[in-house]
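Undergrad: Sequence and predicted structure below; questions after.
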Amino acid sequence: MDTTRDLLVRLEAEHELSREEWINLIDNRTNEDESYAAARARDVARGIFGDAVYLRGIVEFTNICKNDCLYCGLRRSNAGQHRYRLSPERILDCCESGYELGFRTFVLQGGEDAWFADEHMVPIVASIRERFPDCAVTLSLGERSHESYQALFDAGADRYLLRHETASADHYARLHPADMSFENRMRCLVDLREIGYQVGAGMMVGSPFQTTADLAADMLFMAEFRPQMVGMGPFIPHHATPFADRQPGTLADTLFLLSCVRLMLPNVLLPATTALGTIAPGGRERGVLAGANVIMPTLTPTENRSDYLLYDNKICITDRAETCIGCMSRCMASIGYRVVVGRGDAPGFGPHGDVSRKGN
Ligand code: 5AD
């Protein structure tokens, strides 16, 4: 019988474990295993990315959402939430100021807001592509049709973030209302991959009803799907949701799973999320020391930030973008890393139109 340490050694060597092994590892790991996993994951990331941590500027351009996910503060049932939508000009202004600060990846993230149907979204992507030809455009707009994903890709989007949220259909049904389906989520991820996006999947750690078997299913799904990016942070309750009284995910669980993801998918672009920075001071630094290699500071106009709250106590909602970038540079320097603002594509992918773009 393998010890938990044996399992970590094998994960690093073979990049996969069975369902039973994942459950054993997650349930029975010791503090020493956590430190070992972090040290190995950090080494693997260093071997591939050196001391670079990639910065992506995120523009949270609408908090209007037609969905009613039980965990999210932007759910449509949260009637007390003030809603906003940035105009296309304002979105471009955010990219402009991000560009001046040195960002070369823009992440446009929003709720599922019907106004941003293709007739409005495609021209926005095309204008960013035209105005900032040396930048990567990442979209995080939720579930759309194949046709829409294709149109946005053709307009110049490079990457798409769509967390799978949980790879277990039963668990999915406990986190989402009946009008959302696990099958459609998976369909979207497959479409994005097939179109040629660099695709991000991921889940919350410690979400309500999550079992170790669910986490094992997430790891097996990601081992098979092989996303270029993995977005993974702790669940944090939001006071105006049905999960207001639930416990948040823990720092230790999140860090350990980040390390496991790095060992399983060595090349993956792995953010130390804002949620991780929210549950513990220095959480994002700890994330980088556990194998993460991306940080996503916000470029959202300061006056809108306090309205883009997926969970309570979100950090950095009063700072200006230039403060965030300075703060992140110092924090990363303090742990021996250097923030870089280049495109930072997944290995095998290049700028739009590059022949290597569909390279994996
Ligand atoms: N806590 C942590 N993460 C959350 N998300 C949504 N609500 C919460 C919450 N309460 C995550 C989801 C979503 C991403 C944009 O934010 O995983 O995909």
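TA: Alright, I've got the coordinates. Residues are numbered from 1 along each chain as shown.
Undergrad: Does the nearest residue to Phe225 once chain neighbours are set aside belong to a helix, a strand or coil?
TA: Once its chain neighbours are removed from consideration, Phe225 has its nearest residue in Ala201; the separation is 6.2 Å (C-beta to C-beta, 6 or more residues apart in numbering). (Glycine included, C-beta is placed from N, CA and C.) Classification of Ala201 using DSSP: H, G, I helix; E, B strand; the rest coil returns strand.
Undergrad: Quick check: Ala201 touching Thr166?
TA: No - under the criterion of C-beta atoms under 8 Å, Ala201 makes no contact with Thr166, lying 10.8 Å away.
Undergrad: Cross-check the contact I'm expecting between His352 and Asp158.
TA: Yes - counting by C-beta under 8 Å, Asp158 is a contact partner of His352 at 5.9 Å.
Undergrad: Which one's more surrounded, the two?
TA: With neighbours defined as other C-beta atoms under 10 Å, His352 and Asp158 compare such that Asp158 has more, 25 against 16.
Undergrad: Could I get the contacting residues of the more buried one?
TA: Each residue near Asp158 by C-beta atoms under 8 Å, 6 or more residues apart in numbering is listed here: Ala136, Val137, Thr138, Tyr197, Gln198, Asp345, Phe349, Pro351, His352.
Undergrad: Quick check: chain neighbours aside, which residue is closest to it?
TA: Computed as C-beta to C-beta, 6+ apart, the closest residue to Asp158 that is not its neighbour in sequence is Ala136, at 4.6 Å.
Undergrad: pretty sure that neighbour is touching Gly156, no?
TA: No - counting by C-beta under 8 Å, Ala136 sits too far from Gly156 to count as a contact (9.7 Å).
Undergrad: which helix is the longest one in the protein?
TA: helix 31-49 (DSSP state H).
Undergrad: Now do that helix: distance to the chain's middle.
TA: 20 Å (C-alpha atoms, centre = their mean, to the nearest Å).
Undergrad: now stretch 88-106
TA: In this view, stretch 88-106 has its centroid 19 Å away from the chain centroid, taken as C-alpha atoms, centre = their mean.
Undergrad: same check, this time on stretch 110-125
TA: For stretch 110-125, the separation from the chain centroid amounts to 20 Å (computed by C-alpha atoms, centre = their mean).
Undergrad: can you pull the buried residues of that stretch?
TA: Along stretch 110-125, these residues count as buried under the neighbour rule (16 or more other C-beta atoms under 10 Å): Gly110, Gly111, Glu112, Asp113, Phe116, Asp118, Met121, Val122, Ile124, Val125.
Undergrad: Can you give me the end-to-end span of stretch 307-314?
TA: Criterion C-alpha to C-alpha, to the nearest Å; first-to-last residue distance in stretch 307-314 is 11 Å.
Undergrad: so does it get close to the ligand?
TA: Yes - among the residues of stretch 307-314, Leu310, Tyr311 lie within reach of the ligand under C-beta under 6 Å from any ligand atom.
Undergrad: Just the residues contacting that stretch, thanks.
TA: With C-beta under 8 Å, 6+ apart as the test, stretch 307-314 has contacts from 60, 63, 71-74, 81-84, 235-239, 274-275, 278, 300, 317.
Undergrad: pLDDT averaged over it, what's the number?
TA: Averaged across stretch 307-314, pLDDT comes to 97.
Undergrad: Go through it and flag the buried ones.
TA: Going by neighbour count (16+ other C-beta under 10 Å), the buried part of stretch 307-314 is Asp307, Tyr308, Leu309, Leu310, Tyr311, Lys314.
Undergrad: how far away is the second one from the ligand?
TA: Note on Tyr308: its distance to the ligand, by C-beta to the nearest ligand atom, to the nearest Å, is 10 Å.
Undergrad: The lowest-mean-pLDDT helix or strand in the chain packs against which elements?
TA: Of all the helices and strands that make up the chain, the one with the lowest confidence by mean pLDDT, DSSP states H and E is helix 321-334; it has a mean of 88. Under the contact criterion of 3 or more C-beta pairs under 8 Å, 6 or more residues apart in numbering; DSSP states H and E, the helices and strands touching helix 321-334 comprise strand 52-55, helix 283-289, strand 338-340.
Undergrad: With mean pLDDT and distance to the ligand added, can I get those in JSON lines?
TA: Output for those, formatted as JSON lines (pLDDT from 0 to 100; distance: least, C-beta to the nearest ligand atom, whole Å):
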{"stretch": "strand 52-55", "mean pLDDT": "96", "distance to the ligand": "18"}
{"stretch": "helix 283-289", "mean pLDDT": "98", "distance to the ligand": "13"}
{"stretch": "strand 338-340", "mean pLDDT": "94", "distance to the ligand": "22"}
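Undergrad: Okay then, goodbye and thanks.
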